[in-house]
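Student: predicted model, plus sequence, below.
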Amino acid sequence: MGRTLYAVANWKMNLRADQSAELAGQLADFSKSLNKAQVWIAPAAVNIPAVTYATESSGIKIGSQNVHWDKNGAYTGEISVEMLRHLNCSFAIVGHSERRRLFLESNELTAKRAVGALQQTFKVIFCVGENLSQRKSGETLAVLQAQLDPLLEASREFDTSGLLIAYEPVWAIGTGKVASIGEIEEAHAAIIDYWQNKANALPPPVLYGGSVKPDNVADILSVAEVSGTLVGGASLNFDSFKDIILAHEKLSC
Ligand code: 13P
């Protein structure tokens, strides 16, 4: 069976529309040489039109950094699947630790967003991950399970083929402190096992995120349970994200 690897850029609250379009255009040109790796980009919501225009017919998928579960309504500041689809977006990141930590989005709210989007056949990258004190006190697997539980409980209500999970240990995000290969292996295997047992279904691809850089990406992708990476800082620069994508291309088969 082939191995499809996803290189996903999360640009967070960085880059203006002109800067986003320029970087996306460079990535679109470069991605024409790819055969196997999947390149996805999540720009800031206001920059989505500029980025979809710059990547037209390149094979790069564009998505948002969050999404609401409902089709429309009185939800100030939120974005619906229909709005995103109309702009040629095909996925959303949901439950990023910055949403959970800084905007107090709970496990239940996060699952609600994901379920709503998946029911509208939108792709979702569902983020999970423990913080440093949880890791230190040995709670990592319990935290991951608690984050997955409300999504698993609803897993019969949507087609899981649109779902990807991203394991992003909070202490590795933006810190330059990447998780060790052993820690990545353990967490990914635990997520996959838990999903298989609880949902009694094939597990979704599990991406790793947290200080992914050109010089550590090949090691991370060498872990069989890793199906790609979710990249913050290093995706904001063409040369570094290009090198990261190339590692995905090399190791896809
Ligand atoms: P960094 O790659 O900057 O550590 O960010 C990771 C991340 O949060 C991706 O969603």
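Tutor: Nice, I can see it. Remember, it's a predicted structure, so these values are computed and weren't measured experimentally.

Student: stretch 52-72: end-to-end distance?
Tutor: In stretch 52-72, first residue to last residue: 23 Å (CA to CA, to the nearest Å).

Student: next, the buried residues of it.
Tutor: Neighbour-count burial for stretch 52-72, counted by 16 or more other CB atoms under 10 Å, picks out 52, 54-55, 58, 60-69. In this view, the C-beta of every residue, glycine as well, is placed from N, C-alpha and C.

Student: quick one: contacts for the residue in the stretch 1-150 of the chain that the ligand sits nearest to?
Tutor: Residue nearest to the ligand within the stretch 1-150 of the chain: N10 (3.7 Å; CB to the nearest ligand atom). Counting by CB atoms under 8 Å, 6 or more residues apart in numbering, N10 touches 42, 65, 93, 96, 209, 230-232, 235.

Student: out of these, which end up buried?
Tutor: 42, 65, 93, 96, 209, 230-232, 235.

Student: return the subset of those lying in strands.
Tutor: 42, 93, 209, 230-231 (DSSP state E).

Student: now distance to T110 too, for those residues, in TSV please.
Tutor: Output for those, formatted as TSV (distance: CB to CB, whole Å):
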residue	distance to T110
A42	16
I93	11
G209	15
L230	15
V231	21
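
Student: also near the ligand: which of those residues, exactly?
Tutor: For the ligand, the contacts drawn from these by CB under 6 Å from any ligand atom are 209, 230-231.

Student: check the most centrally placed residue in the chain and give its pLDDT.
Tutor: When CA atoms, centre = their mean is applied to the chain, the residue found nearest the centroid is I125 (4.3 Å). Predicted confidence (pLDDT) for I125: 98.

Student: would you agree F126 is in contact with A166?
Tutor: Yes. Judged on CB atoms under 8 Å, F126 makes contact with A166 at a distance of 7.0 Å.

Student: so those two - more neighbours on which side?
Tutor: Applying other CB atoms under 10 Å to F126 and A166 shows that A166 carries more neighbours, namely 28 against 25.

Student: quick one: list the elements packing against the strand or helix carrying that one.
Tutor: Using DSSP states H and E, A166 maps to strand 163-167. Counting contacts by 3 or more CB pairs under 8 Å, 6 or more residues apart in numbering; DSSP states H and E, strand 163-167 is packed against strand 123-128, helix 181-199, strand 206-209.

Student: so what's whatever residue of the chain ends up closest to the ligand closest to, chain neighbours aside?
Tutor: Closest to the ligand within the chain is G232: 2.3 Å, counting by CB to the nearest ligand atom. Once flanking residues are discounted, G232 sits nearest to N10: 5.3 Å by CB to CB, 6 or more residues apart in numbering.

Student: and the one you found, its phi and psi?
Tutor: phi -110, psi 100 (degrees, to the nearest 10).

Student: how close does it get to I79?
Tutor: 16 Å (CB to CB, to the nearest Å).

Student: what of D193?
Tutor: 34 Å.

Student: so for those two, which sits in the more crowded spot?
Tutor: I79 (18 against 13).

Student: surely the more buried one touches K71?
Tutor: No. Using CB under 8 Å, I79 is not in contact with K71, being 11.7 Å away.

Student: low pLDDT regions in the stretch 151-253 of the chain?
Tutor: For the stretch 151-253 of the chain, applying pLDDT under 70 flags no range at all.

Student: re the thing from before, now the buried ones among the contacts of N10 in JSON lines, with distance to T4?
Tutor: Formatted as JSON lines, these follow (distance: CB to CB, whole Å):
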{"residue": "A42", "distance to T4": "18"}
{"residue": "Q65", "distance to T4": "23"}
{"residue": "I93", "distance to T4": "18"}
{"residue": "H96", "distance to T4": "22"}
{"residue": "G209", "distance to T4": "17"}
{"residue": "L230", "distance to T4": "15"}
{"residue": "V231", "distance to T4": "17"}
{"residue": "G232", "distance to T4": "22"}
{"residue": "S235", "distance to T4": "19"}
